[in-house]
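>>> Below are the sequence and a predicted model for it; my questions follow.
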Amino acid sequence: MRTSLPSGTAASGPPPATPPARTTPRKRTLFRLLDAERHTGIRLTETLAMDPAASVCGLYFAHPQARYFSVDRITRDQVEHYAHRKGWKLAEAERWLAPNLGYEPG
């Protein structure tokens, strides 16, 4: 599952092992769909970190005009909507998204 980008290709994307992505349960879905543990030997811990710890992966979207960007913190109404779509209680969504919340849960 190793892919190289052509030399000089601009690409950006959030690596799934970074703190913003580590806290999302969608990582489980991605690993399941890719059968990542069987193909790479990398497994997800209970907190969704990759093991072994030196594992690195990323999602790269190549385009000549690609640029890195950041987004703002997640608002309560966004978390409520996400929890509703996932069929979760608000507290569960807040727990998974805690590092990215733009408000104090509770």
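Received it, and whenever you're ready, just let me know what you need.
>>> those strands in this structure, which residues are they?
Assigned by DSSP state E, the chain shows strands spanning 11-12, 43-44, 50-51, 61-62.
>>> want to throw these into a markdown table with mean pLDDT?
Listed next are the strands of the chain as a markdown table, based on pLDDT from 0 to 100:
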| stretch | mean pLDDT |
| --- | --- |
| strand 11-12 | 50 |
| strand 43-44 | 90 |
| strand 50-51 | 88 |
| strand 61-62 | 76 |
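>>> Just put those strands in CSV and tack on mean neighbour count and distance to Glu37.
Any C-beta I mention is one placed from the backbone N, CA and C, and that applies to glycine too. As requested, the strands of the chain are exported to CSV (neighbours: other Cβ atoms under 10 Å; distance: least, Cβ to Cβ, whole Å):
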stretch, mean neighbour count, distance to Glu37
strand 11-12, 14, 25
strand 43-44, 16, 5
strand 50-51, 16, 10
strand 61-62, 10, 24
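>>> Would you convert the ones you listed into TSV that also reports distance to Ala36?
Listed next are the strands of the chain as TSV, based on distance: least, Cβ to Cβ, whole Å:
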stretch	distance to Ala36
strand 11-12	20
strand 43-44	8
strand 50-51	9
strand 61-62	19
